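Novice: the sequence isn't on hand, but the structure is:
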DNA sequence: CAGGAAAAGTGCGTACACGCAAGTTTGCGT
DNA sequence: ACGCAAACTTGCGTGTACGCACTTTTCCTG
């Protein structure tokens, strides 16, 4: 259940995936983001250029993946892992903040690299959207939704919760809020970079995330109340 | 102020833009989405292939733009246009529903075309993200935010409203909810297409949109209350 | 353990996105 | 009316994304 798909296959797949993104990040740090071809990355990872495009659909995606790897799964697990006593809103906020503060310390130079390239900034911001899928399941689990990825309920039964799966909308909104926070963080980082501050203000990321998620707390609370009443 | 940029320039620009997307849609309807090259579209619109890429960054974008043209601006105007008496939440929901029901009738065959191609579905769904920008200003106007696209408030002043611009997060969440609704609508359309129903269930789109936006109503209400108390 | 199906890797060819450096049009100031 | 500056268009070249057909690897089942 933990590794779902059998064993050696999936293992190798993750290995090459990590090898590719690691190579991409290393080369980008060495030569600068614009002096890295996909052939170089593929060669450094020991696969064919064509295989590279089976894993990543853009150079930026591979580089950013080295920083954001598995973040989605960790956030979803963190949300699902909080005791049932704490509210959904705080569970989500804390999970997001926790999982975004740790890697900020890990690859500081990588983040600095990202801020230097608009394309990398875009890919980094887009990576926030990846948390939506896992988050849907985690939120649905806390709301008691049976199966959020089932068909669109073709038929008259609307189910206990309102609409086309509240969990989906909430997860998408959380992802959107995270994206907004990352955008602002990058803007601030770029600004303080052109100024004197050579370090990324990583300390402010948690605050930005909390502030961005704050407007969604009423929605999360309301959904939770609605779910409890059934 | 209404046309901002002088006159003839912007006029011609919109003309070629429309010519391009109209040609793209027409050719896609005639030959099928996969038998249209960008050279064909450019030629049909009377511009060079290179110019095409100055307007659209993918073939799908051009086709979808023929259906979604100006939707963002109309939604934002509709939100800003509702009288100040009605709540923010209902203003947003009604504006979105209104502006998404009309075009559904306009290009029914175009939407049918979109459902036949996964790439077009993706582009159509992504087009929901375009409403975010204009919506930020409209919501910010209703919340009394001074200037939402100002710098990220470098400094200690947090301003009257919480966080990194509530309007931005709310607009992004609304866009995300719309995206979810469109995804489900396309899924249902594809399902009923493989079945017997040859018509797009455009009647259900408003319901899907309302249902998708419903979980966000508490957040919109809370933001409005917060804004009023200042 | 053998055999076959499913999945991953690979090479090739095509279409495409986009930076760059002209050339051309538009708009504004005087 | 003139001319300059900014914006739009265009051709070219490079690097890239991806479908397709094929080979190789992995896994399951009898």
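Specialist: The structure has been received and is ready for your questions. Not measured: the values here are computed from a predicted model.

Novice: near chain B at all, the helix or strand of chain A with the lowest mean pLDDT?
Specialist: In chain A, no helix or strand scores lower on mean pLDDT, DSSP states H and E than helix A:88-106, which sits at a mean of 86. No - if you take CB under 8 Å from any CB of the partner chain as the test, helix A:88-106 misses chain B, and the best it gets is 10.8 Å. (Glycine included, C-beta is placed from N, CA and C.)

Novice: and the next helix or strand past whichever helix in chain A runs longest?
Specialist: Identified as the longest helix of chain A according to DSSP state H is helix A:166-194. Sequence order places helix A:204-213 as the next helix or strand after helix A:166-194, per DSSP states H and E.

Novice: elements contacting that following helix?
Specialist: Packing contacts for helix A:204-213, counted by 3 or more CB pairs under 8 Å, 6 or more residues apart in numbering or on different chains; DSSP states H and E, involve helix A:88-106, helix A:166-194.

Novice: just to revisit the earlier point, buried ones in the next helix or strand after the least confident helix or strand of chain A, by neighbour count?
Specialist: Downstream of helix A:88-106, the next assigned helix or strand under DSSP H and E is helix A:108-115. Buried residues in helix A:108-115, counted by 16 or more other CB atoms under 10 Å in any protein chain shown: A:110-111, A:113-115.

Novice: how far off helix A:88-106 does helix A:108-115 point, in degrees?
Specialist: Helix A:108-115 runs at 100 degrees relative to helix A:88-106, counting by axes from the mean of the first three to the mean of the last three CA atoms, to 10 degrees.

Novice: what does the next helix or strand after helix A:108-115 rub up against?
Specialist: Downstream of helix A:108-115, the first helix or strand assigned by DSSP H and E is helix A:118-126. For helix A:118-126, contacts defined as CB atoms under 8 Å, 6 or more residues apart in numbering or on different chains pick out A:33, A:58, A:60-61, A:63-64, A:67-68, A:113-115, A:179, A:182-183, A:186, A:190.

Novice: top of those residues by neighbour count?
Specialist: residue A:63 (30 neighbours; other CB atoms under 10 Å in any protein chain shown).

Novice: and chain A, which residues reach DNA strand C?
Specialist: Contact residues, chain A versus DNA strand C (CB under 7 Å from any atom of the strand): A:9-10, A:12-13, A:16, A:47-51, A:54-55.

Novice: give the buried residues for stretch A:121-134.
Specialist: Buried residues in stretch A:121-134, counted by 16+ other CB under 10 Å: A:121-134.

Novice: about what we covered before: please see if the longest helix of chain A touches chain B.
Specialist: Yes - legend: contact between helix A:166-194 and chain B by CB under 8 Å from any CB is shown at A:166, A:168-170, A:172-173, A:175-177, A:179-181, A:184, A:187-188, A:191-192.

Novice: what's the average pLDDT for that helix?
Specialist: The average pLDDT within helix A:166-194 is 89.

Novice: any idea how far that helix is from the middle of the chain?
Specialist: Distance of helix A:166-194 from the chain centroid (CA atoms, centre = their mean, to the nearest Å) equals 10 Å.

Novice: which strands or helices does that helix pack on?
Specialist: helix A:88-106, helix A:108-115, helix A:118-126, helix A:132-143, helix A:204-213, helix A:217-228, helix B:166-194.

Novice: can you do 6 Å?
Specialist: helix A:118-126, helix A:132-143, helix A:204-213, helix B:166-194 (3 or more CB pairs under 6 Å, 6 or more residues apart in numbering or on different chains; DSSP states H and E).

Novice: can you check what angle separates that helix from helix B:132-143?
Specialist: 90 degrees.

Novice: what residues sit buried inside helix A:166-194?
Specialist: A:166-190, A:192-193.

Novice: for stretch A:10-25, same thing?
Specialist: Quick answer for stretch A:10-25 (16+ other CB under 10 Å): A:16-25.

Novice: likewise for stretch A:70-88?
Specialist: By neighbour count on 16+ other CB under 10 Å, the buried set for stretch A:70-88 is A:71-72, A:74-76, A:78-80, A:82, A:88.

Novice: how about the buried residues of stretch A:10-25 in JSON lines, adding pLDDT and distance to residue B:208?
Specialist: Listed next are the buried residues of stretch A:10-25 as JSON lines, based on pLDDT from 0 to 100; distance: CB to CB, whole Å:
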{"residue": "A:16", "pLDDT": "96", "distance to residue B:208": "40"}
{"residue": "A:17", "pLDDT": "96", "distance to residue B:208": "35"}
{"residue": "A:18", "pLDDT": "95", "distance to residue B:208": "39"}
{"residue": "A:19", "pLDDT": "96", "distance to residue B:208": "42"}
{"residue": "A:20", "pLDDT": "97", "distance to residue B:208": "39"}
{"residue": "A:21", "pLDDT": "96", "distance to residue B:208": "37"}
{"residue": "A:22", "pLDDT": "95", "distance to residue B:208": "42"}
{"residue": "A:23", "pLDDT": "96", "distance to residue B:208": "43"}
{"residue": "A:24", "pLDDT": "96", "distance to residue B:208": "39"}
{"residue": "A:25", "pLDDT": "96", "distance to residue B:208": "41"}
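
Novice: closest to residue A:145 among these?
Specialist: Comparing the buried residues of stretch A:10-25 against residue A:145 with CB to CB picks out residue A:17 as the nearest, at 30.6 Å.

Novice: farthest-apart pair in the buried residues of helix A:108-115, please.
Specialist: A:110 and A:115, at 10.1 Å, using CB to CB across those.

Novice: distance of the closest residue to residue A:131 other than its chain neighbours from residue A:128?
Specialist: Of all residues not flanking residue A:131 in the chain, residue A:72 sits nearest, at 4.6 Å (CB to CB, 6 or more residues apart in numbering or on different chains). Distance, residue A:72 to residue A:128, by CB to CB, to the nearest Å: 9 Å.

Novice: over to residue A:139?
Specialist: From residue A:139 over to residue A:128 (counting by CB to CB), the distance is 16 Å.

Novice: follow-up on the earlier one: out of the buried residues of stretch A:121-134, who's nearest DNA strand C?
Specialist: Set against DNA strand C, the nearest of the buried residues of stretch A:121-134 by CB to the nearest atom of the strand is residue A:122 (9.7 Å).

Novice: what parts of chain A come near chain B?
Specialist: By CB under 6 Å from any CB of the partner chain, the part of chain A that sits against chain B consists of A:152, A:162-164, A:166, A:168-170, A:172-173, A:176-177, A:180, A:184, A:187-188, A:208, A:211-212, A:214-216, A:218-219, A:222-223.

Novice: contacts only, for the nearest residue to residue A:71 once chain neighbours are set aside.
Specialist: For residue A:71, ignoring the flanking residues on the chain, the nearest one in space by CB to CB, 6+ apart is residue A:99 at 5.8 Å. Listed by CB atoms under 6 Å, 6 or more residues apart in numbering or on different chains, the contact set of residue A:99 reads A:71, A:74-75.
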